[in-house]
Structure formats: structure tokens, C-alpha cells
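>>> only geometry, no sequence info:
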């Protein structure tokens, strides 16, 4: 029994702590500027030395590292294109961030995956026996993949890292002749590129919610799926579709000559926006196109069928207090025009409860 428990614990720890070391290929690039510099050394200032935790094609999560370590890997990469030479000026690189990320995103063609290599680094030179910063840069190297291209996304992390490193060097060399003449000035301020750039891809949320609905003419229930990528600024455009089952209020049905009026409606969104107000709190606004049918039973017991189409709008709030997994709740106020047998214009309220996963 003890042996079995030991084996299980070992398996769980191995799965949780799985690591993979990635080799950074030393493929030369052609510097856009012929400034006479080479990289003397790279200093890894990152608190976390890994490239991040990524999901492999089999669903296993693994922590990625550069095989040779970031300092050696970057030195070898840059040395291939910027040869060390006694006639050139040595520069030093402080690596502030280097990681790979992935997230889903809504684009015109639907939901896609975005892979990113993020890098932050500073370029320094010796001044009076001490290293002094002359240039700093941040860069995101992004690439878009279809949802089914998991293997290709995972296999190309290394390519995006190389592209990001090459970009940073190109821009440093491009600006070197601006910085070098004033580098020794007492009031020199390092040149900084892309300071306000987002460091991380937004988190993708999957929401499955149920809603209780009530209006002037009907009441009912619905179920919805919503997917969106979080953003602190600007408008968020989620993907959402809903299915609803509603029935006319008893007095409304009877006033129109029916015993029962039941509706089955699919409600794809046309334009749908979230605006993040605070962390976990979002304002929402949408227009949609309800499409479905009504089953009607008149006061004589005869049944009939009515095709329903329309246009609708809603405004509301969503509360997502747990960022990874947990409950979601909210409220919406809606207005709609429909080809119903019992109304043409209606307005009401929806109370929403669901899960984020």
C-alpha cells in the first residue's frame, strides 16, 4: 500500500512539475545598421527564469526553459550576427523579461489563438568603470493560429523568441548613433521604446449561463455561451449565442385568443460589447437577431405554428469575481421587436447566473 501511495505521489509531482528545455537556434540575421558594436555579455535580471507554463498538444502542462540558460543562449544568438572584434564597442544586455504566452481572441473570421513572445531588455555600456543604461525596449512578437493548430503553435515558440530578440537589436542599432554622442552627459536620460506596451495577452473567459426572463408579455428561461478575452482598456467584443424557451403570460395569451403560446428562440448576437469597469465587473451592450418559432393553442384547443424573427437590444452588468473558475452573475434590461402573434414590441429584464471556466 505504501509503495502504491509513493508511486501515485511521484506521478502527481512529476506531472505538476514537468519541465522542457528549448534550444534557441543561432540563426544569423543581417543588422539593419552597421554600427560597430558587439554583445559582451547578457545579464538575466528576471525573477522567474522560465519562459512560462504552456500546454502541449496532449493537454499536459509544462514549464519551458531555454536549454543553455537565457544568458548563454542570448549571447550565442547575438554573437552569430555581431562578431566580437577589438575595433568594435562592447555592449551589455540586461534581460528584464522573456516569456511565451497564448490566449484566444475574437477576430473577423471567428475565434482564434494568439501566441506571443514578450521581451524587455536594456542595453548598457561602460562609463567610468560602471555599467550605464543607454537604451531600453519592450516588444511583443505575436502570431495568429486556428484553434486546431495546437501542434504548430507549440512548435513555433522558439521562432517567435528569435524574432523578438532580433527586433530589439535592430532598434537598438538604429538608435545607437542618436544615443552615443550624448551618452557621457551628466544629465543623460536613456532612450526608451514601447514603454506602455502590454506585457500580457488578455485572459480568455468561457461563460456558460442560465437566465430567468420576465417582460410585459412573457416569461421564461434561457441558456447562453459567452467567450471573450479580457482587456483593461477599450471595448471588448465577446462571442455569444443563446437559446430561449418562453411562454406568454396567461392573461396576454387569453386576450389574444389563445390558451397557450410557447416560443423557442435562438438568439445570435449581431453587435456585442463589454466594457471593463473594475476587475471582475463589466458593463454590456448588445444587439441581436432572435430567430425561432411559436407553438400556439387557441381557446378551442386547436394548435398552430408561427415563424418568429426580430431584432433586439440589451444593456446590463456582468460580475465575474473569480478570474480562473467560479460563479458568474448579472442582470440585463432588454427591448425587442418580434413577429409574435401576441406582441410586436416588448421590454423586460433578465437575471443571469452561471459559471466561468
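Thanks, I have the structure now. Predicted, not measured: the structure shown is a model, and the values here were computed from it.
>>> quick one: distance of the strand ranked longest in the chain to the chain centre.
Across the chain, the longest stretch assigned as strand under DSSP state E is strand 258-278. Taking the mean of its C-alpha atoms, strand 258-278 sits 25 Å from the chain's own mean (C-alpha atoms, centre = their mean, to the nearest Å).
>>> what is the rounded mean pLDDT of that strand?
In this model, strand 258-278 has a mean pLDDT of 94.
>>> ok, and what's touching stretch 158-176?
Taking contacts as C-beta atoms under 8 Å, 6 or more residues apart in numbering, the residues outside stretch 158-176 that touch it are 22-25, 27, 29, 31-33, 35, 37, 51, 74, 77-78, 81-82, 91, 98, 100, 115-119, 121, 123, 135, 137, 139-143, 191, 193. Placement of C-beta: from N, CA and C, glycine included.
>>> same question for stretch 40-48.
69-71, 74-75, 78, 84, 90-98.
>>> just the buried members of the contacts of stretch 158-176?
Neighbour-count burial (16 or more other C-beta atoms under 10 Å) applied to the contacts of stretch 158-176 gives 22, 24, 29, 31, 35, 37, 51, 74, 77-78, 81-82, 91, 98, 100, 115-119, 121, 123, 135, 137, 139-141, 143, 191.
>>> domains in this structure, by residue range?
Domain ranges of the chain: 16-193, 204-356, per automatic domain parsing.
>>> how close does the residue lying farthest from the centre of the chain get to residue 248?
Among the C-alpha atoms of the chain, the one most distant from their mean position (C-alpha atoms, centre = their mean) is that of residue 300, at 55.7 Å. The spacing between residue 300 and residue 248, counted by C-beta to C-beta, to the nearest Å, is 17 Å.
>>> so which bits of the longest strand of the chain are buried?
In strand 258-278, counting by 16+ other C-beta under 10 Å, buried: 258, 261, 262, 263, 265, 267, 269, 272, 273, 274, 276.
>>> that strand - contacts with which helices or strands?
In terms of contacts (3 or more C-beta pairs under 8 Å, 6 or more residues apart in numbering; DSSP states H and E), strand 258-278 is packed against strand 218-229, strand 239-248, helix 250-255, strand 281-288, strand 291-298, strand 303-319.
>>> the buried ones among the contacts of stretch 158-176 in helices, which ones?
Residues from the buried ones among the contacts of stretch 158-176 lying in helices, with DSSP state H as the criterion: 74, 77, 78.
>>> a markdown table for the residues you listed, including pLDDT and distance to residue 150?
Formatted as a markdown table, the entries for those read as follows, by pLDDT from 0 to 100; distance: C-beta to C-beta, whole Å:
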| residue | pLDDT | distance to residue 150 |
| --- | --- | --- |
| 74 | 97 | 28 |
| 77 | 96 | 27 |
| 78 | 96 | 31 |
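>>> what's in contact with stretch 141-156?
Outside of stretch 141-156, the residues within contact range by C-beta under 8 Å, 6+ apart are 54-57, 102, 104-105, 107, 111-119, 160-161, 163-164, 167.
>>> so what's the gap between stretch 187-202 and the chain middle?
For stretch 187-202, the separation from the chain centroid amounts to 21 Å (computed by C-alpha atoms, centre = their mean).
>>> what residues of it count as buried?
For stretch 187-202, by 16+ other C-beta under 10 Å, it's 191, 201, 202.
>>> and which of those residues is nearest residue 289?
Here the nearest of the buried residues of stretch 187-202 to residue 289, counting by C-beta to C-beta, is residue 202; it sits at 27.4 Å.
>>> and that closest one, what does it touch?
For residue 202, the set of contacting residues under the criterion of C-beta under 8 Å, 6+ apart consists of 103, 105, 229, 230, 231.
>>> check what pLDDT the closest residue to residue 36 other than its chain neighbours gets.
Closest residue in space to residue 36, ignoring its immediate chain neighbours: residue 88 at 4.3 Å, by C-beta to C-beta, 6 or more residues apart in numbering. On the pLDDT scale, residue 88 is placed at 90.
>>> which stretches of the chain have low pLDDT?
Segments of the chain classed as low confidence (criterion: pLDDT under 70) are 1-17, 34-35, 109.
>>> give me the most central residue, it.
Among the residues of the chain, the one closest to the centroid is residue 202, at 3.4 Å (C-alpha atoms, centre = their mean).
>>> hang on, that residue in a helix?
No - the assignment for residue 202 by DSSP: H, G, I helix; E, B strand; the rest coil gives coil, which leaves it out of any helix.
>>> how close does it sit to residue 144?
Using C-beta to C-beta, one gets 14 Å for the distance from residue 202 to residue 144.
>>> do the same with residue 103
Relative to residue 144, and taking C-beta to C-beta, residue 103 is found at 11 Å.
>>> anything in contact with each of the two?
With contacts defined as C-beta under 8 Å, 6+ apart, the residues shared by residue 103 and residue 144 are 113, 114.
>>> more crowded one of those two?
residue 103 (16 against 13; other C-beta atoms under 10 Å).
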